[in-house]
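# Have a look at this prediction, sequence included:
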Amino acid sequence: MSVIPKNNFISNNCINRVRPTMLRDVKTEALLVFCRTALERYFTKIDEVKYVTTVGTNEDTNYVYETLRGLLVNLQDSVVNVDYFIDLVGLANKNPLFKKLAKSEEALINYYDAMAKVMQEHYAETPAYLPEFLVICVLENWICGEEHSIVLYPFLQDIDFLELMSKFEENRKYFENKDKCTVREIHKLSDKITHSLQEYKYKVNKKRVSKTRNRSKRQ
């Protein structure tokens, strides 16, 4: 029996990872990978430069960013990030056993890539803005709008995404960029992202026949 070799980055990227078995739940996992990656990069960046975030009053600001930091902790515990994909693909090119693992992650990677493509096209000529609000919007769209199950991720049930969104909505003027309503733009982008994930069809290679089945037919 082949055993996937140990690798510190892969094993430590998400110690208590939740692994869905149904493709529809893998889509939700992909969305959470997207959210974990976005929040990680956002908080790492603002912490490095010691940027002071604000959304309306101090009370609203604390509520929004404490909730998002708590969400990130839970995401880091239950889903991988995009660095896991990058590391895994690199290892798969060198080791056939990691290639087998990469194959098992193919649907998840493809779903993530569908969303990443929308992001790349949208921000082809401009820097990303308000990634924390984008995370809130895509989660609200997916969980409340599309009514996808989050039973595998119960911590999401404790977050009022509509309430979080309202804090940005109430302070639209503050987030205007060159007379452009960034809050409205993020809403539209989140719709495109969740729609791309919803519509993406991962095709399992049904023509592939296992070596075990081939041997049994020859016996």
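Ah, there it is.
# got any ranges where the protein has weak pLDDT?
For the chain, applying pLDDT under 70 flags the ranges 1-11, 177-179, 181, 204-219.
# and the residue nearest the centre of it, what does it touch?
The centroid of the chain falls nearest to residue 34 when counting by Cα atoms, centre = their mean (1.8 Å). By Cβ atoms under 8 Å, 6 or more residues apart in numbering, the contact set of residue 34 is 112, 115-116, 138, 193. For the C-beta atoms, the positions are set from N, CA and C on the backbone; glycine is no exception.
# Between those residues, which sits nearest residue 106?
Using Cβ to Cβ, residue 112 is the member of the contacts of residue 34 that sits closest to residue 106, with 10.9 Å.
# quick one on the thing from earlier: now the residue nearest to the centre of the chain: which helix or strand?
Assigned by DSSP states H and E, residue 34 falls within helix 23-49.
# For the residue nearest to the centre of the chain, give its distance to residue 54.
For residue 34, the distance to residue 54 (Cβ to Cβ, to the nearest Å) stands at 25 Å.
# try residue 115
Distance from residue 115 to residue 54, by Cβ to Cβ: 28 Å.
# likewise residue 172?
From residue 172 to residue 54 the distance is 14 Å (Cβ to Cβ).
# Mind checking which of the contacts of residue 34 are in helices?
Within the contacts of residue 34, residues falling in helices by DSSP state H are 112, 115-116, 138, 193.
# Could you single out the nearest of those residues to residue 17?
The closest of the ones in helices among the contacts of residue 34, once distances to residue 17 are taken by Cβ to Cβ, is residue 112, at 14.7 Å.
# For the closest one, which non-adjacent residue is spatially closest?
residue 30 (4.7 Å; Cβ to Cβ, 6 or more residues apart in numbering).
# wait, what's in contact with residue 109?
85, 89, 102.
# surely the last one meets residue 86?
I take that to be residue 102. No - if you go by Cβ atoms under 8 Å, residue 102 and residue 86 don't touch, sitting 11.1 Å apart.
# who has more neighbours, the two?
Counted by other Cβ atoms under 10 Å, residue 102 and residue 86 do not tie: residue 102 has more neighbours, with 18 against 11.
# tell me which element that one falls in.
Assigned by DSSP H and E, residue 102 falls in helix 96-104.
# roughly how far apart are residue 176 and residue 183?
Residue 176 is 8 Å from residue 183, by Cβ to Cβ.
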